[in-house]
Each structure stands twice: as structure tokens, then as C-alpha cells.
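In: Predicted model, plus sequence, below.
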Amino acid sequence: MANVGEGQEATAATTPAAAEAAGQADKGFAFAKPAMGGPVRDEEPSRPAPANGPSPLTERQKLAMRATRNARYHEDREGHFDRLNRLSNFLVLALGSSSVVAGLSAMPWLATMSGGLTATLGAAQLVFDFSGQASLHRDLRKGFLSVCTRSRDEAQPIASLNAEMEGLYCNEPPTFHAVNIMAWNTAQLAFGRPRDTLAHVPWWRARLRHFCRFDPAAFT
């Protein structure tokens, strides 16, 4: 993405379309081109390609990298929603307990604030469905990890595994692009790609990655 799409390696030889890569070779740039009608995350960061790019990956390695990147993306999102769910459950139970209510009875204003916070947290749980979102990303993570594991088996057809990943894409909620870029970087390193193939994510975007979707074109 910017949607690093399916986690292809970022090289002048493999990321852009072959014709575009040849035409831009003298400029040293790799251009990302979204796939028309493709899955939600099917683009790659657009940035200068390294002068001496890493060795090309095999089709099976590319598939494993895409699956790894997707699994890491959903792991990050799952952890975010799981933390929100646990925190909100704790606060609702703590603030709503009889001992806390009794202790605040002498301070009506504080008791009112506590009641309002409890109601707000309960409403947030219902509206944003923290538990359900965590469960969705957990299932997607397991699906992509399964594809990644089976991609190591040469007997598994690549086309079949790609089709399975396409099916998983259909169940994905909207993409949070900073999360996706960071997952893509993790997959690059996991496959031994050099650091000059990584996309840059500013620290403040990394901190807000679960709350703002950001423009995928902002990542280079």
C-alpha cells in the first residue's frame, strides 16, 4: 500500500510492471500501480528503487511474503481491538461495582462522572464491537498463516493458495494504511530483504495507525 498490497518485494525488477520498469530504468524509480478491481491491499509503496536491488524472489516466496504481511497486519489489528475490549471491560466492571458506587456516594459529582463514564464505555463496546473486531482479525490472521505455512509445501499449487487468499481479502474490513505499511516492512525483513526496500512511516503516523486510515499515497 502505500497499500503494500500483497507484500511483493520492492525491487525495480519485480514491483512495477515490466514495461514501466524498463521505461523508467534510467531514472532509478519503481512506480506502484494499483491492480484494477483487485483486493483492498494490492498496491506497493512508491519510492526510489535501490541501485543494486535484492535478488528476485520465486513466485512461491512472493506468495509466502504476501501471506506473512497480511498475517502481521491482522495480528496488529487484533491486538489493538483486544486491548480496547479488555480495558473497557475492566473499567465498566470496576466503576460499576457496588464498593466503588458506595465509596463515591459522599461525592455526588464524582459519582455522576463515574456513571457517565461507565455508560459511555458500555455504549462504545456495543457500537464499535471491540470483541467482534478482535475475533474477525484473529480469524483472518489464522487464515493467512495457514496459507503461509502451506506455501512451503511444493505439492501445494500456487494458484490454489492465491485463490484462497483472494477469498480472505473479501472478508477484510477497510484497510488502515499505516498498519499495513508497517506489516509490509516486517515481512520484508522476515524474508531477508535489505533495509533500503522498506517504506518510511513517521513516528506520529505509527502512533495513530489504529485510529486514522491515512492516505496510502503519503507513504514513500
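Out: Yes, it's here. Numbers count the residues shown, from 1 in each chain.
In: for the record, mean pLDDT for the longest helix seen in the chain?
Out: In the chain, with assignment by DSSP state H, the single longest helix is helix 59-96. Mean pLDDT, helix 59-96: 94.
In: which residues touch residue 156?
Out: When contacts are counted by C-beta atoms under 8 Å, 6 or more residues apart in numbering, residue 156 touches residue 150. Quick note: C-beta positions are derived from backbone N, CA and C, even for glycine.
In: what ranges do the helices span in the protein?
Out: 18-23, 59-96, 98-104, 108-128, 130-150, 158-169, 177-190, 203-207.
In: Can you add distance to residue 214 and give those back as a markdown table?
Out: Listed next are those as a markdown table, based on distance: least, C-beta to C-beta, whole Å:
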| stretch | distance to residue 214 |
| --- | --- |
| helix 18-23 | 25 |
| helix 59-96 | 14 |
| helix 98-104 | 39 |
| helix 108-128 | 19 |
| helix 130-150 | 18 |
| helix 158-169 | 20 |
| helix 177-190 | 5 |
| helix 203-207 | 6 |
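In: Turn the ones you listed into a markdown table, columns for distance to residue 216 and mean neighbour count.
Out: Formatted as a markdown table, the helices of the chain follow (distance: least, C-beta to C-beta, whole Å; neighbours: other C-beta atoms under 10 Å):
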| stretch | distance to residue 216 | mean neighbour count |
| --- | --- | --- |
| helix 18-23 | 19 | 12 |
| helix 59-96 | 13 | 19 |
| helix 98-104 | 45 | 12 |
| helix 108-128 | 23 | 13 |
| helix 130-150 | 19 | 18 |
| helix 158-169 | 16 | 15 |
| helix 177-190 | 4 | 24 |
| helix 203-207 | 12 | 12 |
